[in-house]
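# Generate coordinates for the sequence data below:
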Amino acid sequence: MPLFARLLVAYFALPLLLSIPLVLLVLFSAPAPRGCVPVAEGGEVSGARIPAEYAGLVNDAATIHEVSAPWLAGMLQAESAWNPRAVSSAGAQGLGQLMPGTAQRLGVSDPFDPAQNIDASARYLKEQYDRFGSWELALAAYNAGPGAVVRYGGIPPFAETRAYVPQIKTLAEQFGADDDSAVVVCIEGMAAAAAPVIVGETACPVGRPHHFTDTWGAPRSGGRAHKGVDMFAEIGVPLYAYRSGTVRVSSSRLGGIGLWITTDSGDSYYYAHLSDYAEGIKTGSRVQAGDVVGYNGNTGNARYTPPHLHWEAHPGEGPAVNPTPYAIAACPPD
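Numbering: from 1, shown residues only. I've put the predicted structure just below:
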């Protein structure tokens with residue numbers, strides 16, 4: 001090849017070669033996209049970390065029911081310490097400590113059969129996630145029962161359940177893959193959160209999947225009463241302007257990252273515990289109903305609770321009123 005041709009090739013090829021490390025750095029160090037959450041360390045479990053005879057059953061059940069294998073393994077460890085014949089004082093049975101009625105509903109003919117029990121435990125965990133929209137709340141429901149999660153509007157104030165959720169997370173880290181790479185899972189249905197739910201001139205404040213219950217007036221620390229509705233969803237789920245108006249950003253010790261949206265008619269809506277504001281959102285920003293204003297989180301005094309939006313309604317810029325009826329009207333079931 002003539003010298004000129006070789007120089008020409010080098011001229012165009014050198015920038016490309018130099019850019020490869022930068023491309024790799026972006027690909028492998030970029031943060032998880034919104035709506036995708038790191039659920040555990042490692043995607044599978046191995047026989048080197050849990051009893052070898054159960055590793056394949058755990059990985060298969062996790063794949064079928066779309067749950068994290070390390071989280072499932074951690075749950076089974078906590079429930080039975082891998083004793084397939086375990087029976088609790090309450091009558092829960094097998095590796096996943098399924099109650100007889102639950103096992104029967106899930107089609108389990110022999111709760112002491114590891115394959116049936118592990119599969120049903122994974123399925124039941126996923127059912128709780130589908131109901132509550134949060135893996136933390138799903139674990140709490142698995143431990144204390146879904147009724148308790150509904151009754152308390154979050155993780156119940158039971159010492160066992162409060163310890164159970166972080167215990168599973170710790171065990172999941174131990175059971176993760178050897179490369180310790182965080183597995184980023186885009187939960188099915190999270191993509192739908194990119195499109196707001198519009199009802200008339202209002203939009204549901206929280207993207208799907210989410211859940212909420214009426215806890216207006218419930219006691220809070222310091223003798224306070226709850227003046228909003230807590231809308232639970234995975235961290236990073238988009239939050240939307242309920243109505244068109246003007247934004248005022250607000251941060252505080254209790255509310256963490258927050259904002260107000262005030263309509264032209266003087267009605268105001270308060271958003272608290274955000275993980276971040278949406279791009280371009282600042283005091284004075286004009287937004288339309290359904291515009292993304294921030295992302296779900298647990299900042300402020302919500303740092304020890306599952307991610308949620310504390311949402312308030314103040315008609316005419318007056319005192320807060322129960323916003324649950326507004327949320328119900330703006331957030332119809334899927």
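# Does L259 lie in a helix or a strand, and which?
Per DSSP states H and E: L259 is located in strand 256-262.
# Grab the most central residue of this protein for me.
With distances taken as CA atoms, centre = their mean, E234 lies nearest the centre of the chain, 2.4 Å away.
# Confirm it sits in a strand?
No. Checked against DSSP: H, G, I helix; E, B strand; the rest coil, E234 lies outside a strand; its state is coil.
# Pretty sure it sits against G297.
No. Counting by CB atoms under 8 Å, E234 sits too far from G297 to count as a contact (10.2 Å). Using the backbone N, CA and C atoms, a C-beta is placed for each residue, glycine as well.
# which neighbours do those two share?
Residues within reach of E234 and of G297 at once, by CB atoms under 8 Å, 6 or more residues apart in numbering, are P307.
# List the contacts of R253.
Counting by CB under 8 Å, 6+ apart, R253 makes contact with 300-301.
# and the chain, what are its domains?
Following the TED database, one gets these domains for the chain: 52-175, 198-330.
# Now L139: closest residue in space, sequence neighbours ignored.
Leaving out its chain neighbours, the residue that sits closest to L139 by CB to CB, 6 or more residues apart in numbering is V165, at 4.9 Å.
# give me every residue that touches the one you found.
By CB under 8 Å, 6+ apart, the residues touching V165 are 136, 139-140, 143, 155.
# now do 6 Å
Taking CB atoms under 6 Å, 6 or more residues apart in numbering, we find V165 in contact with 136, 139-140.
# go on, R286?
By CB under 6 Å, 6+ apart, the residues touching R286 are T246.
# Next, it: phi, psi?
phi -100, psi 130 (degrees, to the nearest 10).
# If I take the helix or strand following the strand holding L259 and strand 256-262, what angle do their directions form?
For strand 256-262, the following helix or strand on the C-terminal side (DSSP H and E) is strand 268-274. Between strand 268-274 and strand 256-262, the angle comes out at 160 degrees (axes from the mean of the first three to the mean of the last three CA atoms, to 10 degrees).
# Can you give the distance from strand 268-274 to the centre of its chain?
Between the centre of strand 268-274 and the centre of its chain there are 19 Å (CA atoms, centre = their mean, to the nearest Å).
# Buried ones in stretch 320-334, by neighbour count?
320, 322-324, 326-327, 330-331 (16 or more other CB atoms under 10 Å).
# Tell me which residues touch C204, please.
Residues counted as contacts of C204 (CB under 6 Å, 6+ apart) are 197, 330-331.
# pLDDT-wise, what's the bottom of those residues?
Confidence by pLDDT is poorest for V197 among these, given 83.
# can you pull out the helices in the chain?
Under the criterion DSSP state H, the chain contains helices at 3-29, 52-65, 69-80, 100-105, 114-132, 135-144, 146-152, 159-175, 324-330.
# Reformat these as a markdown table; add distance to Y240.
As requested, the helices of the chain are exported to a markdown table (distance: least, CB to CB, whole Å):
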| stretch | distance to Y240 |
| --- | --- |
| helix 3-29 | 29 |
| helix 52-65 | 30 |
| helix 69-80 | 29 |
| helix 100-105 | 36 |
| helix 114-132 | 20 |
| helix 135-144 | 22 |
| helix 146-152 | 24 |
| helix 159-175 | 28 |
| helix 324-330 | 9 |
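# mean pLDDT for the ones you listed: which is lowest?
Note on the helices of the chain: lowest mean pLDDT is at helix 3-29, with a mean of 41.
# list the contacts for the residue nearest to Y270 when sequence neighbours are not counted?
Leaving aside its sequence neighbours, Y270 sits nearest to E312 (CB to CB, 6+ apart; 4.0 Å). Going by CB under 6 Å, 6+ apart, E312 touches 227-228, 270, 320, 323.
# what do you get if the cut-off is 10 Å, keeping everything else the same?
226-229, 255, 258, 260, 268-272, 319-323 (CB atoms under 10 Å, 6 or more residues apart in numbering).
# pLDDT score for it?
Predicted confidence (pLDDT) for E312: 96.
# And it, how far from V206?
Per CB to CB, to the nearest Å, E312 is found 14 Å from V206.
# Now the common contact residues for the two.
Common neighbours of E312 and V206, using CB under 10 Å, 6+ apart, are Y271.
# State the number of residues packed around P51.
Number of residues near P51 (other CB atoms under 10 Å) recorded here: 15.
# same question, the one 5 residues further on
In terms of burial, G56 registers 15 neighbours under the definition other CB under 10 Å.
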